[in-house]
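Visitor: Okay, sequence plus prediction incoming.
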Amino acid sequence: MWWLARRVGLSLLLMWVVASIVFLALHMVPGDPAEMLLSTGGAMPDAYAIAELRERLGLNRPILEQYGAFLYGLTQGDLGTSLVDDYPVSAEIALRLPRTLELILAGTLLAVLVALPAGTFAAVRQGGAFDRIASSLAAVLQAVPVFVLGTLLILVLAQWLRWMPAGGYVPLAEDPMRHLVLLSLPAIAVAKGLAATIFRMTRASVLDALSRDHVRTARAKGLTPQRVLRRHVVRNALIPVTTVLGLQMGTLLGGTVLVEYVFNWPGLSTPLLRAVEARDYPMVVGIVITVSGLFLLINLAMDLIYAALDPRITRS
Amino acid sequence: MRRLWLPAGFVALIVLIAAAAPLLPLMDPVRQDVANRLVAYLPGSPMGRDEFGRDVMSRLIWGARSSLAVAFASAAIAAVIGTALGLLGGWFRGLAEVLAIRGADVVLCFPPVLLALLVVTLLGPGTGTLILVLSVLYLPGFIRVSFAEVLSARSQDYVEAVRALGARTPRILLRTVLPNIAGPVLVQVSLAVASAVVLESGLSFLGLGVVPPTPSWGLMIRGARATMEQAPMLLLWPCLALTATILAMNLLCDAVRDVADKRGGGGAPKLRLVDRLLPGLFPAPAAPRPLLDVQGLTVEIAVPGGIIRPVEDMSFRLDTGRTLAIVGESGSGKSMAATAIMGLLPPAARVADGVARFDGEDLLRMPEAARRKLRGGAMAMVFQDPMSSLNPVHRVGDQVAEAIRAHRDVPAAKASAEAVGLLKRVGIADPDRRARAYPHELSGGMRQRVMIAMAIANKPRLLIADEPTTALDVTVQAAILDLLADLRREEGMGLVLITHSLGVVAEVAEDVVVMYAAQVVERGPVSQVFANPLHPYTRALLAAVPDGDIEPEGIPGVVPRPDRWPPGCRFAPRCTFATEACETPPPLEEVQGQAVRCVRWRELRA
């Protein structure tokens, strides 16, 4: 329990660090941040606009006061309002976040369901036909950038073969079938990098576990090969796989931004990219903090899974 | 090495073409020609023109140039700054360490693309912003690698020596530590470059990286999306170029890592779960049937240089209720022989010849399914290191119960109760509570007791114990040996005890097999062999270790490697009695219940 409390405490601490960095980033910009945000190309922005933006962002107040107000707002779930349309940032995120979460969940599920068995099988039959084909495929998948895969999926499946819609979104309640069809391609794109990594990691980890002494003990007990594999190889091999899974989540979340863009999936990336282009700082900050928080949360979950798999973590 | 040169060559080619872009006879990559937009082929434009009529091939090559420039620049900046921070943090510790390592941790709190987007919002898109963001993103990798390496280098003797000579810190850092961390840093550089190409193209694809009209692969894919129906090739070319480049870079990373990480040995040997059936027939034995009768057992391992034989023509027999010890130094092949009999050889090894009859049935030619039913049932094995031999993630009671249920159809609750009884049987106090413990919560002696409980779970008739006390404290060793002796007597098992300790042999065994360099050199009843050793090796063992408690180190030299065996008697190079006659391989001769492999045993006895 002590261990759990410390781990949760660490996550909260990191969240605070993330928020502070995001806050400070605006002030670390050389020169006047408001001027920086308004400048496009070489053109000098209008002095009146700069003054107005300084007022909007509260840049005229003492920095500690700004910081306090920012942190207090965070604890209240208040992330400020968009510079573009005055819409509350938290409302926009509340609307979009579930869709992004759905995509991440579907992609992760898909990756785990495909890559774990495939990696295990490839390791057990190391050097066999399946292993060689799957390993090469994983290397290629790892090399294809996620937006390239997404674009190519659209080109082949939507444009040429016309099997799938090119993208879009329908709420689940409106048309469940259509919703899942539209979810499938983005989910595949999100899953690809993770699947390649899980496959390689599982394969290496199972190979390592197979050569361990305790596997020999299990065989010496006369267990069936299936049972040896399930209880004494895969179970142990999963431990390093979860660690890598946690490390990969950052890449996965970044990839989701690109995938949502490619497939017109109305998650967090649409307002994020719009805000980056419009230099809508509060909106960008809100989304970056939300997604970074999600990232920390996923890593916390991974650590809990890790502890459940490996009794040595919590008990000693 | 071939794995290194192919991707390295490809990456070098791309870099070379990109670097030479201004020198190549290419069209201007930004000159528009709307009349020829989306044309598939034009003289001078073999890949056609894009949506603004710009030459695709020229844009591909110039695009490579901007991608690679960003990637290499950011990797180089991150490498220099990150390594410097890691060096300082690792050398001065204290505040420098906190700043470097915590700083790195902070960067790792953000998903990379989002951190990049945050900075782009502040500074606006452009090549400069990209390089800044990417170098920040790759800093942690360099800081951590160089920090860890400095910490380990600091404690090395040569650095201590240079320090003691009074060298100044910057000088030590530059001259002694830096060259040693070059390998890991190089690996990081290759990873950073490959990853930067991916991120740069992704951001450019979103329109937030390289600013048009500068060509970039990400921008080309972005532009071609709108016209993918009319001109799919426009989309496919940059996709292909980008993927091929990243693939080559990833392969190069893997290869660089393998080369730099010398600890990572060659590829693992081929694995198979189902052992092969082995051919070979021997005549049936006569007279009273021994519990275990091993004849001519030979094990082979295929290695790059050919085939080695860690066990050669080994024979012995064991009757029910007796104890046979197999002794020899490390590398003599004794453990390999035991695992061969159990059918637990590592995948690279195979039984090349011989029979091992257990109750009259040949274990070596038995189908794996039948042998599995015997393993852990009628015959069981205890291994050397009880820590690694128990599965760390399962409770020890469950691991014992698993052995029961593998052979008998009993309900889980009954198996658990029986497991507790077994733990009690092997002398574990408070077995109810200990059954719920994980292996790391038990002492070494207790773990070995758990291993033994597991082995005797199904009342085996044969128990093979492979150096069961070597990994344990001296005080625990005797207790474990007593336990084994008690169990053998009470259960009427046959016990094969593998050991390098003659003290153990004298204490518990009735028969002994002495092995040297894969061969049996002497065999017979313990009382006879100890009183009257025939082989010079046995003599040397007995003479070198009067108390028999430590590895025999009194014999000069070591056991030769299996690929360097002397042509004649394998012990001859270390034997004080060696003569010319020892240059031919000696046979194993039987004399009055004893067997010896030495041409001079008759003269030496006198």
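Guide: Looks like it came in fine. Not measured: the values here are computed from a predicted model.
Visitor: Okay, buried residues for stretch B:534-544 please.
Guide: B:534-542, B:544 (16 or more other C-beta atoms under 10 Å in any protein chain shown). Every residue, glycine included, has its C-beta placed from N, CA and C.
Visitor: Convert the C-alpha atoms of that stretch to CSV, please.
Guide: The C-alpha trace of stretch B:534-544 is given here as CSV (Å, rounded to 0.1, in the frame of the first residue of the first chain):
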residue,chain,number,x,y,z
LEU,B,534,43.7,-46.2,-10.1
HIS,B,535,43.6,-43.0,-12.3
PRO,B,536,46.1,-40.3,-11.7
TYR,B,537,43.3,-37.7,-11.9
THR,B,538,41.4,-39.4,-9.1
ARG,B,539,44.6,-39.5,-7.1
ALA,B,540,45.3,-35.9,-7.7
LEU,B,541,41.7,-35.0,-6.7
LEU,B,542,42.0,-36.9,-3.5
ALA,B,543,45.5,-35.6,-2.7
ALA,B,544,44.7,-32.0,-3.6
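Visitor: give me the element the closest residue in space to residue A:297 that isn't next to it in sequence is part of.
Guide: Leaving out its chain neighbours, the residue that sits closest to residue A:297 by C-beta to C-beta, 6 or more residues apart in numbering or on different chains is residue A:11, at 7.3 Å. Using DSSP states H and E, residue A:11 sits in helix A:2-28.
Visitor: helices or strands next to that helix in the packing?
Guide: With contacts taken as 3 or more C-beta pairs under 8 Å, 6 or more residues apart in numbering or on different chains; DSSP states H and E, helix A:2-28 sits against helix A:63-75, helix A:281-309, helix A:311-315, helix B:94-108, helix B:112-123.
Visitor: quick one: which of these is nearest residue B:131?
Guide: Counting by C-beta to C-beta, residue B:131 lies closest to helix B:112-123 out of those; the figure is 11.0 Å.
Visitor: Quick one: list the elements packing against that closest one.
Guide: helix A:2-28, helix A:33-38, helix A:235-263, helix A:269-278, helix A:281-309, helix B:127-154, helix B:178-205.
Visitor: and residue B:30, what pLDDT?
Guide: Predicted confidence (pLDDT) for residue B:30: 77.
Visitor: show me where pLDDT drops low in the stretch 1-150 of chain B?
Guide: B:1-3 (pLDDT under 70).
Visitor: Looking from chain A, tell me which residue of the stretch 301-450 of chain B is nearest.
Guide: residue B:376 (3.3 Å; C-beta to the nearest C-beta).
Visitor: So that residue sits against residue B:403, correct?
Guide: Yes. Residue B:376 lies in contact with residue B:403 (C-beta atoms under 8 Å); the separation is 5.5 Å.
Visitor: Need the overlap of contacts for those two.
Guide: A:221-222, B:454-455, B:457-458 (C-beta atoms under 8 Å, 6 or more residues apart in numbering or on different chains).
Visitor: ok, back up a step: any chance of the helices and strands packed on helix B:112-123 in JSON lines with distance to residue B:349 as columns?
Guide: JSON lines is the format used below for these (distance: least, C-beta to C-beta, whole Å):
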{"stretch": "helix A:2-28", "distance to residue B:349": "42"}
{"stretch": "helix A:33-38", "distance to residue B:349": "68"}
{"stretch": "helix A:235-263", "distance to residue B:349": "23"}
{"stretch": "helix A:269-278", "distance to residue B:349": "55"}
{"stretch": "helix A:281-309", "distance to residue B:349": "32"}
{"stretch": "helix B:127-154", "distance to residue B:349": "35"}
{"stretch": "helix B:178-205", "distance to residue B:349": "33"}
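Visitor: how many neighbours does the residue in the stretch 201-350 of chain B that chain A sits nearest to have?
Guide: Residue of the stretch 201-350 of chain B nearest chain A, by C-beta to the nearest C-beta: residue B:247 (3.6 Å). By the criterion of other C-beta atoms under 10 Å in any protein chain shown, residue B:247 has 19 neighbours.
Visitor: Report the closest residue of the stretch 51-200 of chain A relative to chain B.
Guide: Proximity of the stretch 51-200 of chain A to chain B (C-beta to the nearest C-beta) peaks at residue A:143, 3.6 Å away.
Visitor: Which helix or strand contains residue A:206?
Guide: For residue A:206, the host element (DSSP H and E) is helix A:176-210.
Visitor: downstream neighbour of that helix in the secondary structure list?
Guide: helix A:213-220.
Visitor: Against which helices or strands is that next one packed?
Guide: For helix A:213-220, the elements it packs on are helix B:386-389, helix B:444-455, judged by 3+ C-beta pairs under 8 Å, 6+ apart.
Visitor: quick one, phi/psi of residue B:584?
Guide: Backbone torsions for residue B:584, taken as degrees, to the nearest 10, come to phi -100, psi 140.
Visitor: Now do the contacts for it.
Guide: B:568, B:599.
Visitor: What separation is there between it and residue A:195?
Guide: Going from residue B:584 to residue A:195 by C-beta to C-beta, to the nearest Å gives 62 Å.
Visitor: can you tell me which of the helices and strands packed on helix B:112-123 comes nearest to residue B:446?
Guide: Checked against C-beta to C-beta, the stretch from those lying closest is helix A:235-263, at 21.3 Å.
Visitor: packing partners for that closest one?
Guide: Packing partners of helix A:235-263 (3+ C-beta pairs under 8 Å, 6+ apart): helix A:89-124, helix A:146-153, helix A:176-210, helix A:269-278, helix A:281-309, helix B:112-123, helix B:178-205.
Visitor: one more time with 6 Å
Guide: helix A:146-153, helix A:176-210, helix A:269-278, helix A:281-309, helix B:112-123 (3 or more C-beta pairs under 6 Å, 6 or more residues apart in numbering or on different chains; DSSP states H and E).
Visitor: ok, the nearest residue to residue B:82 once chain neighbours are set aside - contacts?
Guide: The shortest distance from residue B:82 to any non-neighbouring residue, by C-beta to C-beta, 6+ apart, is to residue B:142 (2.6 Å). Counting by C-beta atoms under 6 Å, 6 or more residues apart in numbering or on different chains, residue B:142 touches B:78-79, B:82-83, B:188.
Visitor: out of those, which are inside helices?
Guide: In this view, those that belong to helices under DSSP state H are B:78-79, B:82-83, B:188.
Visitor: Please list all residues in contact with the spatially closest residue to residue A:221 that is not a sequence neighbour.
Guide: Using C-beta to C-beta, 6+ apart and skipping residues adjacent in sequence, the residue nearest residue A:221 is residue B:376, 3.7 Å away. Neighbouring residues of residue B:376 by C-beta under 6 Å, 6+ apart: A:220-222, B:403, B:406.
Visitor: any chance of those residues in JSON lines, plus neighbour count and pLDDT?
Guide: Compiled in JSON lines, those are given as follows (neighbours: other C-beta atoms under 10 Å in any protein chain shown; pLDDT from 0 to 100):
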{"residue": "A:220", "neighbour count": "26", "pLDDT": "89"}
{"residue": "A:221", "neighbour count": "28", "pLDDT": "89"}
{"residue": "A:222", "neighbour count": "22", "pLDDT": "87"}
{"residue": "B:403", "neighbour count": "27", "pLDDT": "91"}
{"residue": "B:406", "neighbour count": "22", "pLDDT": "89"}
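Visitor: I appreciate the help and will end here.
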